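Participant: Predicted structure and sequence below. I'll ask about it afterward.
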Amino acid sequence: MSLLLQTPRAVCRRLLRPGAASPLQDRVVLVTGASSGIGAATARLVAAHGATTLLVARRAETIAALADELVAAGGRAAAYPCDLTDGDAVDALVARVLADHGSVDYLVNNAGRSIRRSLAASHDRFHDFERTMAINYFGPVRLTMGLLPAMREQRFGHVVNIVSWGVQLKAPRFAAYLASKSALDTWARVAARETWDDNVTFTNMRFGLVHTPMVETTVEHYRRWPSLTADQAAARVLRALEDRPVSFNVAAGRAGDVLNLVTPRLADFVMHRLDRSGS
């Protein structure tokens, strides 16, 4: 990651104190979608770096087992089962976490749902749009809003949102998914400007393809595309937690941003042809 995308504090720590302890040491880190994929891999990394790791997912037994694993390895961890599409459950989660820990220093909004379906096949499936917004946007925003006052009061906090390079590429067949991720991406950028004085920051991780259980049903369409494993993606999330950049981008996403800005009609044509060639 370029030094230009990192905070001055992160640059100084890496260049002048390469052996310094991780900023996560003795902090409280909450990871959603922690039962598998990027979430579980991230939880293992932050626990290994000295954080108290709070695991959130619907699968209670799975995150309980992961919490036991992290504790057995010498870490500190606790499991908080929650369905993030249930607003009342999110509010109850916030209340339990704040009662147990006082505040959360770092939040990783990783839980999500992907749907690959063309608009032509979606006219009778409006629930696709509702359920992606529920888990990819409303859930993380409600959770973040619940934890944000304590972050602002202690004048420290960092939120990492797992979004997608698709918010830059505007990839066909992902209208429901990318609309919800774009909403979260934009919300975080606005929130960062309101919490500047409180030292609460946000990073949007615009990942490319990551091989996780969430993409198993669509991965055959993108076997030729560059991809990451969950562990590789988690290593980048760890870096974002420590260095607090505004965003993490891949080259294809940056190219999409430029193409959409400079020649939007050409961008539409290119994405259309790529979609048709892969259908």
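Facilitator: Structure's in. What do you need?
Participant: Now R96: closest residue in space that isn't a chain neighbour?
Facilitator: In space, and not counting its chain neighbours, R96 is closest to Y80: 6.5 Å by Cβ to Cβ, 6 or more residues apart in numbering. Heads up, the C-betas are built off the backbone N, CA and C, glycines and all.
Participant: pretty sure the one you found is touching A99, no?
Facilitator: No: if you go by Cβ atoms under 8 Å, Y80 and A99 don't touch, sitting 11.4 Å apart.
Participant: quick one, which of these two is more surrounded?
Facilitator: Y80 (20 against 8; other Cβ atoms under 10 Å).
Participant: distance between the helix or strand containing the more buried one and the chain's centre?
Facilitator: According to DSSP states H and E, Y80 maps onto strand 76-81. Strand 76-81 has its C-alpha centroid displaced from the chain centroid by 18 Å (Cα atoms, centre = their mean, to the nearest Å).
Participant: sorry, back to before: pull up the overlap in contacts between Y80 and A99.
Facilitator: Shared contacts of Y80 and A99, defined by Cβ atoms under 8 Å, 6 or more residues apart in numbering, are absent.
Participant: ok, so what distance separates V104 from V29?
Facilitator: Distance from V104 to V29, counting by Cβ to Cβ, to the nearest Å: 7 Å.
Participant: Ends of stretch 166-182, what's the gap?
Facilitator: 9 Å (Cα to Cα, to the nearest Å).
Participant: Would you mind pulling the contact partners of stretch 122-142?
Facilitator: Contacts of stretch 122-142 (Cβ under 8 Å, 6+ apart): 32, 84-85, 87, 90-91, 109, 111-115, 117, 161, 175-177, 179-181, 183-184, 187.
Participant: count of residues packed around N260?
Facilitator: By other Cβ under 10 Å, 16 other residues sit near N260.
Participant: is it true that it lies in a helix?
Facilitator: Yes: judged by DSSP: H, G, I helix; E, B strand; the rest coil, N260 forms part of a helix.
Participant: What is the burial count for Q232?
Facilitator: If you count neighbours by other Cβ under 10 Å, Q232 ends up with 14.
Participant: And for the one 5 residues further on?
Facilitator: Around V237 there are 24 other residues, counting by other Cβ under 10 Å.
Participant: Now it: closest residue in space, sequence neighbours ignored.
Facilitator: Closest residue to V237 apart from its sequence neighbours, by Cβ to Cβ, 6+ apart: T42 at 4.8 Å.
Participant: Hmm, T32 and the one you found touching each other?
Facilitator: No: with contacts counted by Cβ under 8 Å, T42 stays clear of T32, the gap being 10.0 Å.
Participant: Pull up the overlap in contacts between these two.
Facilitator: In terms of Cβ under 8 Å, 6+ apart, T42 and T32 are both contacted by the residues V108, N110.
Participant: More neighbours: which of the two?
Facilitator: T42 (29 against 25).
Participant: Show me which positions of stretch 246-258 end up buried.
Facilitator: Residues of stretch 246-258 classed as buried: V246, S247, F248, N249, V250, A252, G253, G256, D257 (neighbour count, 16 or more other Cβ atoms under 10 Å).
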